[in-house]
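Colleague: with the input below, show me the fold.
(one chain, ligands or ions: 1)
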Amino acid sequence: MGPPGSGKGTRAKIIGKMYDIPVITTGDMLREAVSEGTELGKQAEGYMKKGELVRDDIVIGIVEERMGKSDLDRGFILDGFPRSVRQAEALDRILNKLETMIDTVLYIDAKPETILERLSLRRSCSNCGAIYHLIYKPPENEGACNECGGELFHRDDDREEIILHRFEVYEKQTYPILERYENRGKVQRMDGEINIDEISDEVERILGPP
Ligand code: AP5
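Modeller: Now for the predicted structure:
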């Protein structure tokens with residue numbers, strides 16, 4: 001968990017590789033549906049463009065479907081879910097059904113000014129979802145993904161006025177559910193200001209060796 005642009009996706013991908021576990025990223029799943037023009041994408045697009053949360057029932061449905069697949073036995077990481085009280089309640093229900101539980105909630109703290117600078121220079125791969133930053137993690141070839149050669153794009157919702165609205169939505173709807181996990185003793189804080197190449201050491205300190 002963490003505010004928009006705090007580094008959730010970057011960390012989730014690093015953790016997924018370190019521990020060789022699937023990463024379930026609701027933002028990527030929704031963006032893929034929008035770019036493919038599926039029914040789900042059509043329903044989600046308007047909310048995403050405005051920086052609003054997509055309706056709970058839509059997001060819960062895609063997460064529940066994804067978590068029903070058979071590749072989660074060794075663990076998984078959720079990135080961008082849950083983001084509202086209803087989603088957190090649904091996650092409890094889904095985990096109960098799967099007879100599993102969340103071990104740790106990683107909360108990333110980063111200053112708003114750091115985040116604004118990061119999001120204005122973020123580029124994402126349209127093919128594999130890899131995340132770049134033009135200064136802190138530039139691609140080797142301009143406009144192309146290092147991992148798959150896919151085209152890099154600047155997200156529609158990374159415009160300043162939409163970013164500011166995403167912050168408000170986060171404060172109002174998502175931040176309150178952190179308390180739920182604090183009360184269960186699950187939350188570990190991560191320093192969102194450290195360099196990208198320091199992240200894996202911090203992850204290992206918190207989660208233990210891969
Ligand atoms: P989503 O894609 O989840 O967006 P977000 O939460 O706003 O977070 P971001 O993806 O913008 O940032 P991040 O924290 O992952 O940071 P990143 O690692 O990219 O959601 C988008 C939309 O989809 C929502 O607005 C909503 O409409 C919908 N949605 C998604 N999930 C939903 C849900 N559960 N319910 C309802 N609606 C949902 O890093 C940012 C930049 O900084 C990158 O350029 C990166 O390279 C750079 N960077 C990262 N870490 C560092 C570092 N340590 N040092 C320097 N640069 C860094």
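Colleague: as CSV, could you dump the C-alpha coordinates of stretch 163-176?
Modeller: Provided in CSV are the C-alpha atoms of stretch 163-176 (Å, rounded to 0.1, in the frame of the first residue of the first chain):
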residue,chain,number,x,y,z
ILE,A,163,-2.5,13.1,-9.9
LEU,A,164,-3.7,15.6,-7.2
HIS,A,165,-7.2,14.1,-7.4
ARG,A,166,-5.7,10.6,-7.1
PHE,A,167,-4.1,11.8,-3.9
GLU,A,168,-7.4,13.0,-2.5
VAL,A,169,-9.1,9.7,-3.4
TYR,A,170,-6.3,7.8,-1.7
GLU,A,171,-6.5,9.9,1.5
LYS,A,172,-10.3,9.5,1.7
GLN,A,173,-10.9,5.9,0.5
THR,A,174,-7.7,3.9,0.8
TYR,A,175,-5.6,5.3,3.7
PRO,A,176,-8.3,4.5,6.3
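Colleague: ok, residues contacting that stretch?
Modeller: Applying Cβ atoms under 8 Å, 6 or more residues apart in numbering, the contact partners of stretch 163-176 are 1, 3-5, 50-53, 83-85, 112, 115-116, 119, 157. Bear in mind the C-beta positions are built from the backbone N, C-alpha and C, glycine included.
Colleague: among those residues, which two are most distant?
Modeller: Largest separation among those by Cβ to Cβ: 85 and 116, giving 27.5 Å.
Colleague: re earlier: which of the contacts of stretch 163-176 sits closest to the ligand?
Modeller: residue 4 (2.9 Å; Cβ to the nearest ligand atom).
Colleague: tally of neighbours for that closest one?
Modeller: 23 (other Cβ atoms under 10 Å).
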